[in-house]
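S.K.: Okay, structure incoming, though there's no sequence with it:
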């Protein structure tokens, strides 16, 4: 039985408490006094009935406030806590005495050593660890903590070697030994990887309820740890720039700039000066380009498929050499940039057509991500819609906006050719013209659409024959690399060999124009 006696801090109170046990000739196994005003007593052979016989006598001692049983002594708890910590520690743990002899090893260390605890305890640590003179370190005048790379049974480990000091009766610091915590290369790699893992909150601004988008976010989190060029592929409005910014924020470059060049909106000369800058630094008309401004950070090349051949060549040189020159300047500027590019086009098809450099394509597409269109991630549509409505409503002081059931159903099944951007713009307009609190289908300004017949763009141009031919040529270009002979392609499409050969000739699809 163990007792916990709560008492006031009074000189001699412990002696009076113990005197009662001595008087009754009760054998005590342990006594512990705590600064919290408690006395713990371990009495292995005491029955509860016997305790009741002298409990009143203990309570009558001046300063004793409470007497009760306790399941364990404080030292027992501390020993078990330490033993559990050592036993379950995921890395090898070894404790040595002041002579370097092993006192304690955990299960992980025992497994690596390939011997029993009985065989290991008492052996000198130098038998197991090479590359550090433990005896010299323990005998030195000033024993300080060390972190060393050493050999543990011929395998490389990093060891934290921590001295253990105790105070003797004179108050002097006495070396009692040391503890060693060993980490393998694999374990260090796991810990560094976990440390670098991007925070969940960084990608929380991207709606990802659908399986397709969750997969994209999962892959993006892995890719940002590699710091290699990324290519984001997806239709217009799928959120490529939003994902690029999230990747930058999750990377080690997050404290540095994130700059954007929209390759589709600027003329060739303007894009070149915007990217590279103009003139020697210090001159009145000199200008730093995006490459300089993004140094150390990320440069996002939006719609890189629209970049001119001339600019493609110059960009390739920058990526290869890590340096460039401003327009009208001979000085070489060195930079360190993470490139993230986006495109809504089939870059491989542009490569096959000679409109995009193949070597640049492979430089930019080290890590590729495909963003699915909104119609292929329907479980994201309503959460996105609710977010855009709430966001727009807050700006206008409208806080109770809702969609009726018909509107929700329509939004969820509409094909959204403009993707997330189109959804956002449509809802911003709907909220701005709304007079009440309920958004209906009538508030959505969209091309006519039915589930049976699909949708028709209001500004459709060209003829039906031209549209069908464009669609047919697109299918043939995509299938041709997998079925490069006319007979294979004809069999796949259920057409005659002659019909397929004529169509390939008409659309100029062959091994020279299509990359296989």
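M.R.: Thanks, I have the structure now. This structure is a prediction, so every number in the text was calculated from the model and none was measured.

S.K.: Could you pull out the helices in the stretch 351-500 of the chain for me?
M.R.: Secondary structure of the stretch 351-500 of the chain (DSSP state H, counting those that start in this stretch): helices at 358-364, 381-395, 405-413, 419-433, 464-479, 486-493, 497-506.

S.K.: From residue 276, how far off is residue 269?
M.R.: Residue 269 sits 11 Å away from residue 276, going by CB to CB, to the nearest Å. No exception for glycine: its C-beta is placed from N, CA and C like everyone else's.

S.K.: try residue 445
M.R.: According to CB to CB, residue 445 stands 42 Å off from residue 276.

S.K.: And for residue 72?
M.R.: Residue 72 is 73 Å from residue 276, by CB to CB.

S.K.: cool, residue 221 as well?
M.R.: For residue 221 relative to residue 276 (CB to CB), the value is 32 Å.

S.K.: In terms of neighbours, single out the busier of the two.
M.R.: Legend: neighbour count by other CB atoms under 10 Å for residue 221 and residue 276, higher for residue 276 (24 against 18).

S.K.: Surely that one touches residue 328?
M.R.: No: contact status for residue 276 versus residue 328: not in contact, 9.8 Å apart, counting by CB atoms under 8 Å.

S.K.: Near the residue nearest to residue 1 when sequence neighbours are not counted, how many residues? Count them for me, please.
M.R.: Once flanking residues are discounted, residue 1 sits nearest to residue 46: 4.6 Å by CB to CB, 6 or more residues apart in numbering. Using other CB under 10 Å, the number of residues around residue 46 comes to 20.

S.K.: Look up how far residue 23 lies from residue 46.
M.R.: Counting by CB to CB - residue 46 and residue 23 are separated by 14 Å.

S.K.: ok, residue 440 - contacts?
M.R.: 403-404, 406-407 (CB atoms under 8 Å, 6 or more residues apart in numbering).

S.K.: oh, I was asking about residue 88
M.R.: Here residue 88 is in contact with residue 106 (CB under 8 Å, 6+ apart).

S.K.: Can you give me the pLDDT of it?
M.R.: As predicted, residue 88 sits at a pLDDT of 75.

S.K.: I'd like to know how far it sits from residue 80.
M.R.: From residue 88 to residue 80 the distance is 12 Å (CB to CB).

S.K.: cool, residue 264 as well?
M.R.: Distance from residue 264 to residue 80, by CB to CB: 67 Å.

S.K.: Residue 501 too?
M.R.: Counting by CB to CB - residue 501 and residue 80 are separated by 82 Å.

S.K.: okay, those two: which has more neighbours?
M.R.: Taking other CB under 10 Å, residue 501 and residue 80 do not tie; residue 501 has more neighbours (15 against 11).

S.K.: Nearest residue to the more buried one in space, ignoring adjacent ones along the chain?
M.R.: With sequence-adjacent residues excluded and distances taken as CB to CB, 6+ apart, residue 501 is closest to residue 486, at 4.7 Å.

S.K.: ditto for residue 336
M.R.: Residue 336 sits nearest to residue 296 (CB to CB, 6+ apart), 5.8 Å away.

S.K.: Show me the domain layout of the chain.
M.R.: Domain assignment for the chain, taken from automatic domain parsing, gives 2-75, 89-190, 200-364, 374-455, 464-506.

S.K.: ranking those domains by burial, who's on top?
M.R.: domain 200-364 (a mean of 18; mean count of other CB atoms under 10 Å).

S.K.: in which helix or strand would I find the nearest residue to residue 376 once chain neighbours are set aside?
M.R.: In this structure, residue 376 finds its nearest non-sequential neighbour in residue 212, 6.0 Å apart by CB to CB, 6+ apart. For residue 212, the host element (DSSP states H and E) is helix 211-223.

S.K.: next one: residue 22
M.R.: Element membership for residue 22, per DSSP H and E: helix 13-23.

S.K.: other SSEs contacting that helix?
M.R.: When contacts are defined as 3 or more CB pairs under 8 Å, 6 or more residues apart in numbering; DSSP states H and E, helix 13-23 packs onto strand 2-7, strand 38-42, helix 48-59.

S.K.: Next, the angle strand 2-7 makes with that helix.
M.R.: On the basis of axes from the mean of the first three to the mean of the last three CA atoms, to 10 degrees, helix 13-23 is oriented at 140 degrees to strand 2-7.

S.K.: Check which element follows helix 13-23 along the chain.
M.R.: Next along the chain from helix 13-23, counting by DSSP H and E, comes strand 30-34.

S.K.: which residues are in contact with that next one?
M.R.: Strand 30-34 has contacts (CB under 8 Å, 6+ apart) with 14, 18, 39-42, 73-75.

S.K.: Stretch 130-147 too?
M.R.: 96, 98-100, 124-126, 148-151, 158-163, 175, 177-178.

S.K.: what do you get if the cut-off is 7 Å, keeping everything else the same?
M.R.: With contact meaning CB atoms under 7 Å, 6 or more residues apart in numbering, stretch 130-147 is reached by 98, 100, 125-126, 148, 150-151, 158, 160-163, 175.

S.K.: Right, I'll call it a day here.
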